[in-house]
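Chemist: could you look at this predicted model? Sequence included:
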Amino acid sequence: MNHSKKRSLWLLLLAAMIVLAGPQRDSRVSALDKDAYKSLKVFTEVLDIVEKNYVEEVEKKTLVQGAINGMMKSLDPHSAFMTPDMLKELEVETRGSFGGIGIEITIQKDILTVVSPIEDTPAFEAGIKAGDQILKIDGKSTKDITIMEAVNKLRGPKDTKVTVTIMRENLPNPKDFIITRSIIKIRSIKSKIYEKNIGYIRIVSFQERTMDDLKKALRDLEEKAKPLKGIVLDMRNNPGGLYSQSVEVSDAFLKEGTIVSTKGRIKNMDRTDTAKNDGDEIACPIVVLVNEGTASAAEIVSGALQDNGRALVVGVHTFGKASVQTVIPLEDGAALKLTTAKYYTPSGRSIQAEGIIPDIVVKFVKPAELTAEAEDRLREEDLKGHIKPAKEENRRAEEVLKKEQDDLMQDNQLKSAIDILKSWDIFKKTIKN
């Protein structure tokens, strides 16, 4: 590095240090400045040595980006430096369409870990599960990998393949999953009716259109149920997403009260979001379904409805991500995704690394354990010469009911949620009488 370039770099770093230090001066800040000065001096020395002496020629930009990546990695698993291409991918993802396999990942205990597979994606269909540890991607170790590096390796053009080496609790040895990438188009909301008047809403993730899609789903359910006697809000394996959408979704079910509060080192990160009474909030009972793959924005909604006494939370304790990331654009089109605040539920709980504890714990039971018992049961329709249903509409109603029962036999947590809502309605009638 020539003297002019080295001096320019040094002045740039010194300017950055002054901006970070701010205008207020005291002996403590001066001491910090001296420490920062020494550290920056060491950094420029290392940069100069590597550039001049490394076995192969290395671009300055590569070295500086590597240093920034290391800085971000030293903070927490969710802070990261994003190149312009990475930033574009993040923006595309929040709009609900991107090329990849369809999983949310994090770094847990220094191991690349699946938060949850996204429903109806190649990863989900291949059998990837929440809590899976990703040891290798295409045969290369993920040790010391950053989230962004992992995302880059997992994303790719449609119809290309990626091999993911997984370790999970019940596997004796790591297992390779060969997954074909596709265009991941995430429907953030899915809905249907159970038991004629119990609405089911599945929130897959929180994207730009989640609130709009929720409003439509609620209108459709109310139209079909007449009246709607309960709602199951299913957020199992929901990896989170946009903070703003989680606040709006919570508000859709609350007339008043705190939704979530955030606290950071700087004052403008301290805020409290509260519910507004719009006059059209759903009044029926709600059960929220959660599991170990329920994270971030999904935990905000679960905590808001639980702490405000608006819903019962059923399932197993959630992932436990209670931090807020802010995307800060940089001059060259890159950005920092930086953890700038922690969030707290309405009662002041921080669920970081602990998760939401359900009001009623219901562990998921594998379908095979349920279906074996169901297959042994004899029904009226199995008897030779049984009397046929009197009317065609009765037959159709029975077919719908049987399909619902079959679905619930495959999902004991959902069955528990629906049973709770049915009991709720029965108790109300009993109390009135």
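Modeler: Nice, I can see it.
Chemist: only C-alpha atoms for contact and neighbour calcs from this point on.
Modeler: Will do.
Chemist: contacts only, for residue 418.
Modeler: Residues in contact with residue 418 (CA atoms under 8 Å, 6 or more residues apart in numbering) are 194, 198, 232.
Chemist: and it, helix, strand or coil?
Modeler: Under DSSP: H, G, I helix; E, B strand; the rest coil, the three-state class of residue 418 is helix.
Chemist: show me where pLDDT drops low in the protein?
Modeler: For the chain, the stretches flagged by pLDDT under 70 are 1-32, 96-97, 368-403, 429, 431-433.
Chemist: can you list the domains in it?
Modeler: Per the record, the chain has its domains at 3-58, 97-185, 189-361, 367-432, by automatic domain parsing.
Chemist: packed most tightly, which of these would that be?
Modeler: Across the domains of the chain, averaging neighbours per residue (mean count of other CA atoms under 10 Å) puts domain 189-361 on top, at a mean of 20.
Chemist: distance between the ends of that one?
Modeler: 25 Å (CA to CA, to the nearest Å).
Chemist: next one: stretch 48-61
Modeler: Note: stretch 48-61 ends 13 Å apart using CA to CA.
Chemist: that older thread, now the contacts of residue 418 in JSON lines, with secondary structure and distance to residue 153?
Modeler: What follows is the contacts of residue 418, written out as JSON lines (DSSP: H, G, I helix; E, B strand; the rest coil; distance: CA to CA, whole Å):
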{"residue": "194", "secondary structure": "strand", "distance to residue 153": "41"}
{"residue": "198", "secondary structure": "strand", "distance to residue 153": "42"}
{"residue": "232", "secondary structure": "strand", "distance to residue 153": "36"}
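Chemist: now, which of these sits nearest residue 289?
Modeler: Checking the contacts of residue 418 against residue 289 with CA to CA, the nearest one is residue 232 at 7.1 Å.
Chemist: contact partners for that closest one?
Modeler: By CA under 8 Å, 6+ apart, the contact set of residue 232 is 198-201, 286-289, 414, 417-418.
Chemist: which of those residues fall in helices?
Modeler: Using DSSP state H, the subset of the contacts of residue 232 located in helices is 414, 417-418.
Chemist: the helix or strand residue 211 falls within packs against which elements?
Modeler: Using DSSP states H and E, residue 211 maps to helix 210-225. Using 3 or more CA pairs under 8 Å, 6 or more residues apart in numbering; DSSP states H and E as the contact test, the elements touching helix 210-225 are strand 189-194, strand 198-203, helix 243-251.
Chemist: which other helices and strands contact the helix or strand just after the last one?
Modeler: Downstream of helix 243-251, the first helix or strand assigned by DSSP H and E is strand 258-263. Here strand 258-263 is seen to pack against helix 243-251, strand 271-274, helix 297-307, strand 335-344 when contacts are counted using 3+ CA pairs under 8 Å, 6+ apart.
Chemist: just send these back as TSV, with distance to residue 189 too.
Modeler: Listed next are these as TSV, based on distance: least, CA to CA, whole Å:
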stretch	distance to residue 189
helix 243-251	11
strand 271-274	23
helix 297-307	13
strand 335-344	24
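Chemist: can you check which of the ones you listed gets nearest to residue 49?
Modeler: Closest of the helices and strands packed on strand 258-263 to residue 49 is strand 335-344, at 27.1 Å (criterion: CA to CA).
Chemist: quick one: contacts of that closest one?
Modeler: By CA under 8 Å, 6+ apart, strand 335-344 touches 76, 78-84, 87, 260-265, 269-270, 322-330, 350-351.
Chemist: partners of that strand, with directions?
Modeler: Strand 335-344 has these partner strands in its sheet, going by DSSP bridges: strand 80-82 (antiparallel), strand 258-263 (antiparallel), strand 323-329 (antiparallel).
Chemist: just the buried residues of the helix or strand that the first one is followed by, please?
Modeler: Yep, that's strand 80-82 we're talking about. With elements assigned by DSSP H and E, the helix or strand that comes after strand 80-82 is helix 84-94. If you call a residue buried by 16 or more other CA atoms under 10 Å, then helix 84-94 has these buried ones: 86-87, 89, 93-94.
Chemist: CSV for these, including distance to residue 106?
Modeler: Formatted as CSV, the buried residues of helix 84-94 follow (distance: CA to CA, whole Å):
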residue, distance to residue 106
86, 16
87, 18
89, 17
93, 16
94, 17
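Chemist: just the helices in the stretch 301-433 of the chain please.
Modeler: Applying DSSP state H, counting those that start in this stretch to the stretch 301-433 of the chain gives helices spanning 367-375, 392-409, 412-432.
Chemist: count the neighbours of residue 79 for me.
Modeler: A total of 24 residues lie near residue 79 under the criterion other CA atoms under 10 Å.
Chemist: how about it, phi and psi?
Modeler: Main-chain torsions, residue 79, degrees, to the nearest 10: phi -80, psi 140.
Chemist: that one reaches residue 69, doesn't it?
Modeler: No - look at residue 79 against residue 69 with CA atoms under 8 Å: they stay out of range, at 9.4 Å.
Chemist: between those two, what contacts are shared?
Modeler: Contact with both residue 79 and residue 69 is made by no residue, according to CA under 8 Å, 6+ apart.
Chemist: name the SS class of residue 166, please.
Modeler: With three-state DSSP as the basis, residue 166 sits in strand.
Chemist: doesn't residue 134 make contact with it?
Modeler: Yes - contact criterion CA under 8 Å: residue 166 and residue 134 qualify, at 4.8 Å.
Chemist: what about residue 69, distance to residue 300?
Modeler: If you measure residue 69 against residue 300 using CA to CA, the figure is 29 Å.
Chemist: for residue 156, which of the helices and strands packed on strand 258-263 is the nearest?
Modeler: strand 335-344 (20.9 Å).
Chemist: any idea of the angle the closest one forms with helix 84-94?
Modeler: On the basis of axes from the mean of the first three to the mean of the last three CA atoms, to 10 degrees, strand 335-344 is oriented at 40 degrees to helix 84-94.
Chemist: right, I'll call it a day here.
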